[in-house]
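Task: produce atomic coordinates for the following.
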Amino acid sequence: MNSEPRRALVASPTQAARAAEERLRAAYDFVPLDQADTVIALGGDGFMLQTLHAMLESRRILPVFGMNLGTVGFLMNEWRLERLEQRLEKAKSFKVNPLRMVVDTVDGERFSIPAINEVSLLRETRQTAKLEVQVNDRPVLPELVCDGVLVATPAGSTAYNLSAHGPILPLGSALVALTPISPFRPRRWRGAILPENTAIRFTVLDPVKRPVSAVADQREVRDVAQVEVKIDRATPLTLLFDPEHTLDDRIAAEQFIA
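Reported below is the predicted structural model:
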């Protein structure tokens, strides 16, 4: 029985990632994606999210070891050509449960879309959004007037959520962040930290005059009437990290960056 590792290699379309792909293919053996048991992804955080979303859509989930050839690379390891086999053997795995948003639009359409970092509701026009917020079917904010609001996972808490002054959540904390974006009323509300098994529902109070879009990572649905957000435990994702460069360490370190 063949016990050789079956690695697939995918790369973003940038010049740096394509050049790195050529070097890796010359140095190591790779198999097609549908025959692999591990994926090497070359690019930045955006490309990592694309890779993970493609797996969710195909319903074939594989561990992913990313190497950074983008800008921030929060979800990636350092790019190095050497010792790939040894790095994969020693890599530490992290399970990430994505969010799933179920959206009903003003026109009566329904969409179900996963999100690894966050689900965001955003105003579409110059006028603020007006939203009712429910937690586990209990109204907690009858009217939130804001530019938007988001729900972030621990893995995504250092992305848009942090820019919106939301909390950093440790990986494995079993929590989600509910964070307003430029809230006007209630002015002093700064968000909430909730158990990850919480169901959060947003109802757009004036969807015609004050239209709102919903965005799951990089996928947008416009003119929404209602959005429900929950953790999707049925499709956990696995990210692989070098032991000295693990995601939980990076999340912890972000709390001390001025």
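
Tell me where the model's unsure across the stretch 151-258 of the chain.
Where the stretch 151-258 of the chain drops to pLDDT under 70, the residues are 246-248, 252-253, 256-258.

what about the helices in it?
With DSSP state H, counting those that start in this stretch as the criterion, the stretch 151-258 of the chain has helices at 160-163, 247-254.

which SSE is Leu141 in?
Element membership for Leu141 (DSSP states H and E) is strand 138-152.

That strand packs against which elements?
strand 118-123, strand 129-135, helix 160-163, strand 175-185 (3 or more C-beta pairs under 8 Å, 6 or more residues apart in numbering; DSSP states H and E). In short, each C-beta sits where N, CA and C put it, glycine included.

Show me the one of these that comes nearest Ile40.
Among these, the nearest to Ile40 by C-beta to C-beta is strand 118-123 (25.7 Å).

avg pLDDT for the closest one?
Strand 118-123 shows a mean pLDDT of 98.

tally of neighbours for Leu194?
For Leu194, the neighbour count with other C-beta atoms under 10 Å is 17.

Look up how far Lys230 lies from the spatially closest residue to it that is not a sequence neighbour.
The shortest distance from Leu194 to any non-neighbouring residue, by C-beta to C-beta, 6 or more residues apart in numbering, is to Val176 (5.4 Å). Applying C-beta to C-beta, to the nearest Å, the value for Val176 to Lys230 is 9 Å.

what residues do the two have in common as contacts?
99, 198, 200 (C-beta atoms under 8 Å, 6 or more residues apart in numbering).

Okay, and which of those residues map to strands?
99, 200 (DSSP state E).

Nearest to Thr128, out of the shared contacts of Val176 and Lys230: which one, please.
Using C-beta to C-beta, the shared contacts of Val176 and Lys230 come closest to Thr128 at Ile200, 19.8 Å.
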